[in-house]
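Trainee: next comes the sequence, and after it the predicted model I'd like to discuss.
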Amino acid sequence: MRLLDEGLQLRQWPTRAVLRFDDFERLDGRTLRARGRAFRLPEEIAQAVRLELDWVAPRGGLEDARAAVGQLLSRPHGARRTAERLLSAAAQLGASDVHLEADAGGWAIRVRLAGDLHDLARASAESGTRLVAALKGLAGVLPYRSDVLQEGRIPRSGVCADVRASFAPTAMGERAALRLFGRLLRLGELGLGPGVLDKVERALEARTGLMLVAGSTGAGKTTTLYAALEHLARTRRGAHLSLEDPVEQRLRVAGIPVDQIEIEPSRGLTSGALLAAALRQDVDVIAVGEIRTPADARLALEAAHTGRLVLAGVHAGSPAEARQRLVDLGADPALLDAALRGVLFQELETVDCGCGAGCERCRGALRVRRLRAELQLGEGGAR
Ligand SMILES: [Zn+2]
């Protein structure tokens, strides 16, 4: 009998079979039943199986997650299951990112909650390295390479929609950063506030024109663009295309009929080239993750003036700055104002939860995020 990542391998009965952990039912400490047969296990294996059967993603806050992940890391086997469970524990906690960093004494595992990084666990050099290799395997990159940059994606279901994984060599060895994407939010779930939500929904009824989503880095612009695309895909027929750098969550996986193209200048897929192609692709709605270059600005305006609704992210500190940013990129002010349906400006604030001791809302992090948004309607919307 041998312990595998996914279960137990039996040498004799009925042949060389693998029984999955899910197949087992516990009779007593060392006796388990699977497929109608009872097995008396050696204590070491029984203990590992008990850990498997008893594990549930921690439902409490940071302290619960620390205890659960610490227990996971104490197991001598099953790096792949440990990796999956680390992710589900982080997702259950509501973390946006998980970091694994090699340092002098092993590995630090940290999670980002409401914008702040918190220590989650420490792993030994050996178990941390195996865990990171398992994460690479899940992400579809080369598990044995730790000397190159690698980017991958871990498709998931249930608590966590999708994970983007990035691995980088460091002076101490390596670091891994995993971005966890939760369920895609609808417009009504963003926390825009009722006055703003109504106006955004009305602005999105336009068939043509330009709608900007403005804010600084980390203000949640992509989340808002996805919610707007979900709204448009649900409320109107048509061909919807989204140009992103990088694609954060795959919308079709979530049942949202929007084609996403990743901007990749090394393959000629610049935002300008993709926007020009979008004009020839007979699409009704075009989303651009961020307008960065003069070509982006010019082509987005051209699309907005030729029968498309264009949604675009803009890096800006205020609504007025968003418009000015496009003008700085060479957009003709008159053409811009004639196309502009509105500027949704948003900020993500981190505020004290106010509970003092950890609660359901902050999950023990004591701080929570709050969206502040305002919509300025443009002249293009008044026509
Ligand atoms: Zn709280």
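Mentor: Done, it's in.

Trainee: quick check: which ranges of the stretch 251-383 of the chain have low pLDDT?
Mentor: 381-383 (pLDDT under 70).

Trainee: and the strands in it?
Mentor: The residue ranges that make up the strands of the stretch 251-383 of the chain, judged by DSSP state E, counting those that start in this stretch, are 259-262, 285-288, 309-315, 340-352, 367-377.

Trainee: comparing those strands, which comes out most buried?
Mentor: For the strands of the stretch 251-383 of the chain, average neighbour numbers computed from mean count of other Cβ atoms under 10 Å are highest in strand 285-288, which has a mean of 26. C-beta coordinates here come from the backbone N, C-alpha and C atoms, glycine included.

Trainee: tell me the domain ranges of the chain?
Mentor: By the record's domain assignment, the chain is partitioned as 2-54, 62-181, 187-381 (automatic domain parsing).

Trainee: pull up the distance across the second one, start to finish.
Mentor: Its start and end residues considered, domain 62-181 measures 19 Å (Cα to Cα, to the nearest Å).

Trainee: next one: stretch 17-24
Mentor: According to Cα to Cα, stretch 17-24 extends 14 Å from its N-terminal end residue to its C-terminal end residue.

Trainee: list the buried residues in that stretch.
Mentor: Neighbour counts using 16 or more other Cβ atoms under 10 Å place 19, 21, 24 of stretch 17-24 among the buried residues.

Trainee: in space, what's closest to the residue in the stretch 151-300 of the chain that the ion sits nearest to - neighbours in sequence excluded?
Mentor: Nearest residue of the stretch 151-300 of the chain to the ion: Gly191, at 16.6 Å (Cβ to the ion). Once flanking residues are discounted, Gly191 sits nearest to Leu371: 4.3 Å by Cβ to Cβ, 6 or more residues apart in numbering.

Trainee: my guess is Arg153 contacts Arg179. True?
Mentor: No: taking contacts as Cβ atoms under 8 Å, Arg153 lies outside contact range of Arg179: 9.8 Å.

Trainee: which SS class is Arg11?
Mentor: Secondary structure for Arg11, judged by DSSP: H, G, I helix; E, B strand; the rest coil, is coil.

Trainee: ok, back up a step: the residue nearest to Gly191 contacts Thr223, correct?
Mentor: No: here Leu371 lies out of contact with Thr223, judged by Cβ under 8 Å, at a distance of 9.0 Å.

Trainee: need the residues touching each of these two.
Mentor: Between them, Leu371 and Thr223 have Leu190 as joint contacts when contacts are counted by Cβ atoms under 8 Å, 6 or more residues apart in numbering.

Trainee: need the strands of the stretch 251-383 of the chain in a markdown table (columns: distance to the ion).
Mentor: A markdown table is the format used below for these (distance: least, Cβ to the ion, whole Å):
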| stretch | distance to the ion |
| --- | --- |
| strand 259-262 | 35 |
| strand 285-288 | 35 |
| strand 309-315 | 31 |
| strand 340-352 | 9 |
| strand 367-377 | 7 |
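
Trainee: list the contacts for Leu86?
Mentor: Neighbouring residues of Leu86 by Cβ under 8 Å, 6+ apart: 69, 72, 98, 109, 131.

Trainee: got TSV for these, with secondary structure too?
Mentor: Conversion of the contacts of Leu86 to TSV gives the following (three-state DSSP):
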residue	secondary structure
Val69	helix
Leu72	helix
Val98	strand
Ile109	strand
Leu131	helix
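
Trainee: and these, which two are the farthest apart?
Mentor: The largest separation in those, counting by Cβ to Cβ, is between Leu72 and Val98 at 13.0 Å.

Trainee: okay, those two: which has more neighbours?
Mentor: Set side by side, Leu72 and Val98 give different neighbour counts by other Cβ atoms under 10 Å, the larger being at Val98 (25 against 22).

Trainee: contact partners for the more buried one?
Mentor: 86-87, 90, 109-112, 120, 177-178, 180.

Trainee: can you tell me, leaving aside adjacent residues, what's nearest to it?
Mentor: Counting by Cβ to Cβ, 6+ apart, Leu178 is the residue found nearest to Val98 once chain neighbours are left out, at 4.4 Å.

Trainee: next structured bit after the helix or strand harbouring that neighbour?
Mentor: For Leu178, the element it lies in under DSSP states H and E is strand 173-181. Moving toward the C-terminus from strand 173-181, the first helix or strand encountered (DSSP H and E) is helix 194-203.

Trainee: residues in contact with that following helix?
Mentor: Residues from elsewhere that reach helix 194-203, judged by Cβ under 8 Å, 6+ apart: 187-188, 190, 192, 211, 228, 231, 341-342, 344, 373-375, 377, 381.

Trainee: repeat that for 6 Å
Mentor: Contacting residues not belonging to helix 194-203 are listed as 211, 341-342, 373, 375, 381 [Cβ atoms under 6 Å, 6 or more residues apart in numbering].

Trainee: can you count the residues close to the nearest residue to Gln9 once chain neighbours are set aside?
Mentor: Setting aside the residues directly before and after it, Gln9 is nearest to Arg2 in space (Cβ to Cβ, 6+ apart), at 4.5 Å. Each residue near Arg2 was counted by other Cβ under 10 Å, and the total is 12.

Trainee: just the pLDDT for Arg2.
Mentor: pLDDT recorded at Arg2 is 79.

Trainee: now do stretch 150-166, average pLDDT.
Mentor: The pLDDT scores in stretch 150-166 average 78.

Trainee: now do stretch 182-194
Mentor: For stretch 182-194, the mean per-residue pLDDT is 87.

Trainee: the ion contacts on this protein?
Mentor: 353, 355, 359, 361-362 (Cβ under 5 Å from the ion).

Trainee: try 8 Å
Mentor: Taking Cβ under 8 Å from the ion as the criterion, the chain approaches the ion at residues 353-366, 368.
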